[in-house]
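S.K.: need a structure here:
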Amino acid sequence: MKLKDTIHRNLPGQLLILLLVVIAIAMSAHATGADFGLFIRNHRQMGIFMGYFMRPDWAFFSRIIDPMILTLRMAVVGTVLGSVTAIPLSFLATTIVTGNRAVTGIVRLLMNIIRTVPTLLLAALFVAIFGIGPVTGVLTLAVFSFGIMSKLMYDLIETIDLSPLEAAESVGANPVQIVVWSIVPQISHIVASYILYVFEINIRASTILGYVGAGGIGVVLNSALGLFRYDRVSVIILFILAVIFIVDGISEFFRRRLT
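M.R.: Here you go, the predicted model:
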């Protein structure tokens, strides 16, 4: 490596970039009214919080097992519903299958609209329509899963090897036969990996949906925070972390086997 390429010779430029970043942060804080001094002035409250947080109420653990099981069920059902809906429709979002740019454009537009709606907004809308409960959480996760899976799917289909498709067309295969025999075998193992990935995301998302009444462990967490029971909050967070860690490990094992 030449001396001019080392950090010492590039130090002025890097300091300039750092200065610009600091200025941008300061301007953003001023524009949004953010007060970083609160972190220092509220140190006493932070100490109180950490004092309770570091003393978990383990007697409360038995009361959060059922909400966690409900959260896992919501994630499973939401993932299945969203994936089952997204996978077949994703074939319509690629010109490789439809051969029609207008149809592909319309389908992609609808998928993009669904994907851009924030998850919490979806949950709030479903709460207003269906009321508080796990059904709302399942529907929210299903729509959320549909948005992710549809995007991953049609991007995946666009990258497949076209030779099997051309061979199928040359012997008179119809579009359905082409999809079943030429496209699905190329993407099936990757799609299974995507489904597991979406399931991981849904477990994390379902814990947040409880804040708007969508059911699961998030409702209990929100209640504990509202009552300032930080000892119970500690138990809930530790339980959520343990479950996510276990699910991530299992999912990673199966994804490696699939790929």
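
S.K.: now the worst-scoring helix or strand of the chain on mean pLDDT, how far from the chain's geometric center?
M.R.: When the helices and strands of the chain are scored by mean pLDDT, DSSP states H and E, helix 38-41 comes last with a mean of 74. Put simply, helix 38-41 sits 32 Å off its chain's centre (Cα atoms, centre = their mean, to the nearest Å).

S.K.: Give the rounded mean pLDDT of stretch 240-248.
M.R.: On average, the pLDDT along stretch 240-248 is 86.

S.K.: same question but for stretch 67-83, I mixed them up
M.R.: Stretch 67-83 comes out at a mean pLDDT of 91.

S.K.: okay, it in PDB with CA atoms only?
M.R.: Coordinates of each C-alpha in stretch 67-83 appear next as PDB, following Å, rounded to 0.1, in the frame of the first residue of the first chain:
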ATOM      1  CA  PRO A  67     -49.100 -14.700  26.000                       C
ATOM      2  CA  MET A  68     -45.800 -15.800  24.400                       C
ATOM      3  CA  ILE A  69     -47.300 -19.000  23.000                       C
ATOM      4  CA  LEU A  70     -50.100 -16.800  21.600                       C
ATOM      5  CA  THR A  71     -47.400 -14.500  20.000                       C
ATOM      6  CA  LEU A  72     -45.700 -17.500  18.400                       C
ATOM      7  CA  ARG A  73     -49.100 -18.800  17.100                       C
ATOM      8  CA  MET A  74     -49.800 -15.300  15.600                       C
ATOM      9  CA  ALA A  75     -46.400 -15.300  13.900                       C
ATOM     10  CA  VAL A  76     -46.900 -18.800  12.500                       C
ATOM     11  CA  VAL A  77     -50.400 -18.200  11.100                       C
ATOM     12  CA  GLY A  78     -49.600 -14.700   9.800                       C
ATOM     13  CA  THR A  79     -46.500 -16.000   8.100                       C
ATOM     14  CA  VAL A  80     -48.400 -18.900   6.500                       C
ATOM     15  CA  LEU A  81     -51.300 -16.700   5.300                       C
ATOM     16  CA  GLY A  82     -49.000 -14.000   3.900                       C
ATOM     17  CA  SER A  83     -46.700 -16.500   2.200                       C
END
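
S.K.: helices and strands around the least confident helix or strand of the chain, which ones?
M.R.: Taking 3 or more Cβ pairs under 8 Å, 6 or more residues apart in numbering; DSSP states H and E as contact, there are no helices or strands that helix 38-41 lies on. In this view, the C-beta of every residue, glycine as well, is placed from N, C-alpha and C.

S.K.: how about that helix as CSV, C-alpha atoms only?
M.R.: Provided in CSV are the C-alpha atoms of helix 38-41 (Å, rounded to 0.1, in the frame of the first residue of the first chain):
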residue,chain,number,x,y,z
LEU,A,38,-32.0,15.0,28.9
PHE,A,39,-29.7,11.9,29.1
ILE,A,40,-27.6,13.7,31.6
ARG,A,41,-30.3,15.5,33.6
